[in-house]
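Asks: Task: produce atomic coordinates for the following.
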Amino acid sequence: MRRSINKKNSRLLSLACALLLAACGGSGGSDPEPAATRSPPPAGPPPVTLAQAYKFLNQATFGATEAEALRLMALGNSSTAYARWIDEQLALPATTQLAYVQAGLPNPIPPGFVVDILNSQRQDIWFQNSVRGPDQLRQRLAWALSQIMVVSQGPLSGYPFGLADYYDMLARDAFGDYRRLIEDVTLHPMMGRYLSMLGNQKPNPALNIRPDENYARELMQLFAIGLVELNPDGSLRRDGLGNPIPTYDQPTIEGFAHIYTGWSWACAAGSPANCTFASTRATIANQILPMQAFAEQHDTGSKRMLTYAGAIRTSVPAGQTPAQDLRDALDNIAGHPNVSPFISKQLIQKLVTSNPSPEYVQRISQVFNNDGTGRRGNLGAVVRAILLDVEARRDPIVSTGAVDGKTKEPLLRLTQLWRAYGGSAQSGRFVTVNAQGTFGQGPLTAPSVFNFFSPFFAPTGEIADRGLVAPELQIATEYQNTLVTNFFFTQVFNRNSRSGVTNPDIVVIDIEPEVAVAGDSAQLVTRIAARLLGAHISPELRGQAVLSVNRVAASNPTQRVAEALWLIVSSPEFAVQP
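Replies: Numbering: from 1, shown residues only. Now for the predicted structure:
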């Protein structure tokens, strides 16, 4: 199946409305100009079109639906509707996973019970929240953050409660303060277990023990500042010889590694006196509690941190507690000027476009640095600015040659289909899809700390030759594309409201509105295009879909619907987010 970067999107048409002043007579008091000859008042902002609503909702949710698009259009015109929708979402609390996963634990626990099986509960509630949750923007941002600050089920399969709690933490912090987010990430035992900060010991030359450098390196490289210094617009800073300037060196990594010593699983309630660094163990209870500091394994010497203009400190003094060292370290990292362009650009890539202009990145970096109230790192303000930016809101119909949009993540194609067609199982669960195996993605199942794909990936050919990137295409192998296309075939042809599914856990889509108009091939294709593409379908795809429908007898409306729906849902137009 062919994938492409959408190059046909454009800027929102600006309205040229000048207010003409009416000419008046001289001082002799002549009559005012007749009303019929006066210039009309300037036009207001245009309404939001269906295609524009779909574009916005595909950026801000797990998939646009016709009902939500119409509701957005009713919120106001193009200058007010988007902001009102975002403000509604910012006010919603997080829909969480932990309680649902905990409810899957048998009581009493039978002999031989393997707790790993509860990861299916975790995937189930992730789909429930993503497909049905009211806090769509928060959930979409949590999904983005989970691919930046990665922990993965692979080595953590025995901690389903900890994984659910980690994702809940990302959802709760999604609109909060970046500095608070990286502290919560740092102290979460799933991150501690995944990147080796949990159990990190102070140096002991006699036993050849040196602090583990894993988390020290990845927090900087992947979660905060990247490998090289950046300008506010995301471009590389260079030295006098034209070389990129590294953000840190090996001694800096070692300094942070020593800072992150002495943390382990939290002690059980009521047992601090006999709980030590060496005796702590993972339990059902403490896999969802922040890690605890143990002074006996913390290096109390002076330690090096990042050096940059404006840094309050570049080292931590000797003799501090683990908590004091951690506070200084995270303040030092969060204050680095790279954080704003590094994180802002990745969030733009996750939500809006793979190739934002330097000006777009700089505008969002400015909001990251100051949300208008003097506050730095306000993620709610950052995501609001990302979605309202002029580059995000360019009209998806009118072409100016701008390189907009992105390839949809495979899993987001599935969630959009299910959201658009009311995908649900009789049991209310989402347990029969192998997300990672079929789509190459699943909640907290990345193959490594580097996520499912790199934000810098550019496939060879036209995209790389133009200096562009297409991160999602890194997992768009022929094998993976075949699995995805086959899944959609099964969903559309065999798991629809007319196919007689009896398994209560099978997710079924509702095609009744399409069946009602299946006798008219053109109307049928228009109906599907409205639900999946915001009515914006190319003449080529429309023509092929109509031909496919006309090959099936009008007496078989279900087959007619399935033919058209599958062709559109497996098309490049559905695989691209304008």
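
Asks: and the residue nearest to residue 135 when sequence neighbours are not counted, how many neighbours?
Replies: Closest residue to residue 135 apart from its sequence neighbours, by Cβ to Cβ, 6 or more residues apart in numbering: residue 92 at 4.2 Å. C-betas here are computed from N, CA, C, even on glycine. Residue 92: 15 surrounding residues under other Cβ atoms under 10 Å.

Asks: Please verify my assumption that residue 92 contacts residue 134.
Replies: Yes. Using Cβ atoms under 8 Å, residue 92 is in contact with residue 134, at 5.9 Å.

Asks: And the helix or strand encompassing residue 124, what does it pack against?
Replies: Using DSSP states H and E, residue 124 maps to helix 119-132. Secondary-structure packing of helix 119-132 (3 or more Cβ pairs under 8 Å, 6 or more residues apart in numbering; DSSP states H and E): helix 98-103, helix 136-146, helix 160-173, helix 410-420.

Asks: can you tell me which of those helices comes nearest to residue 460?
Replies: helix 410-420 (20.6 Å; Cβ to Cβ).

Asks: Buried ones in whatever helix or strand comes next after that closest one, by neighbour count?
Replies: Next helix or strand after helix 410-420 toward the C-terminus (DSSP H and E): helix 435-439. For helix 435-439, the neighbour count (16 or more other Cβ atoms under 10 Å) marks 435-436, 438-439 as buried.

Asks: Stretch 165-174 now?
Replies: Under the neighbour-count criterion of 16+ other Cβ under 10 Å, stretch 165-174 has 165-174 buried.

Asks: that older thread, who wins for proximity to residue 227 among the helices and strands packed on helix 119-132?
Replies: Comparing these by Cβ to Cβ, helix 136-146 comes nearest, at 20.1 Å.

Asks: pLDDT on the following helix or strand past the closest one, on average?
Replies: Next along the chain after helix 136-146, taking DSSP H and E as the criterion, comes helix 153-156. The pLDDT scores in helix 153-156 average 97.

Asks: Quick one: residues contacting residue 281.
Replies: Contacts for residue 281 were tallied using Cβ atoms under 8 Å, 6 or more residues apart in numbering; they are residue 265.

Asks: So, low pLDDT: which residues of the protein?
Replies: Confidence mapping of the chain against pLDDT under 70 gives the ranges 1-42, 270-272, 399-402.

Asks: one more time with 80
Replies: The model of the chain has pLDDT under 80 over residues 1-43, 269-273, 397-402.

Asks: per-domain residue ranges of it.
Replies: Domain assignment of the chain by automatic domain parsing yields the ranges 92-224+248-334, 408-445+477-577.

Asks: Make CSV out of these and add distance to residue 370.
Replies: CSV is the format used below for the domains of the chain (distance: least, Cβ to Cβ, whole Å):
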stretch, distance to residue 370
domain 92-224+248-334, 13
domain 408-445+477-577, 29
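
Asks: Name the secondary structure element that contains residue 397.
Replies: Going by DSSP H and E, residue 397 is not in any helix or strand.

Asks: Which residue comes closest to it once chain neighbours are left out?
Replies: In space, residue 397 is closest to residue 51, 5.6 Å off (Cβ to Cβ, 6+ apart).

Asks: and that neighbour, how far is that from residue 398?
Replies: 10 Å (Cβ to Cβ, to the nearest Å).

Asks: same thing with residue 483?
Replies: 35 Å.

Asks: neighbour count winner among those two?
Replies: Between residue 483 and residue 398, counted using other Cβ under 10 Å, residue 483 has the larger neighbour count: 17 against 12.

Asks: Contacts only, for residue 333.
Replies: Residue 333 makes contacts with 182, 219-220, 224-225, 305-306, 339, as judged by Cβ under 8 Å, 6+ apart.

Asks: mind listing which of those are in helices?
Replies: The helices, defined by DSSP state H, take in 182, 219-220, 339 from the contacts of residue 333.

Asks: Output stretch 238-251 as PDB, restricted to C-alpha atoms.
Replies: Taking C-alpha atoms only, stretch 238-251 is exported to PDB below (Å, rounded to 0.1, in the frame of the first residue of the first chain):
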ATOM      1  CA  ARG A 238      27.300  25.700  15.200                       C
ATOM      2  CA  ASP A 239      30.800  26.600  16.300                       C
ATOM      3  CA  GLY A 240      33.300  28.800  14.500                       C
ATOM      4  CA  LEU A 241      34.200  25.900  12.200                       C
ATOM      5  CA  GLY A 242      30.600  25.200  11.300                       C
ATOM      6  CA  ASN A 243      30.300  22.000  13.500                       C
ATOM      7  CA  PRO A 244      27.300  21.300  15.600                       C
ATOM      8  CA  ILE A 245      27.900  22.000  19.300                       C
ATOM      9  CA  PRO A 246      27.300  19.000  21.700                       C
ATOM     10  CA  THR A 247      24.900  19.700  24.600                       C
ATOM     11  CA  TYR A 248      26.900  17.500  27.000                       C
ATOM     12  CA  ASP A 249      30.000  15.400  27.400                       C
ATOM     13  CA  GLN A 250      30.900  12.200  29.200                       C
ATOM     14  CA  PRO A 251      31.900  13.900  32.500                       C
END
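
Asks: Surely the residue nearest to residue 397 touches residue 532?
Replies: No. Shown here, residue 51 and residue 532 do not form a contact pair, counting by Cβ under 8 Å, at 12.0 Å.

Asks: All good on my end, thank you.
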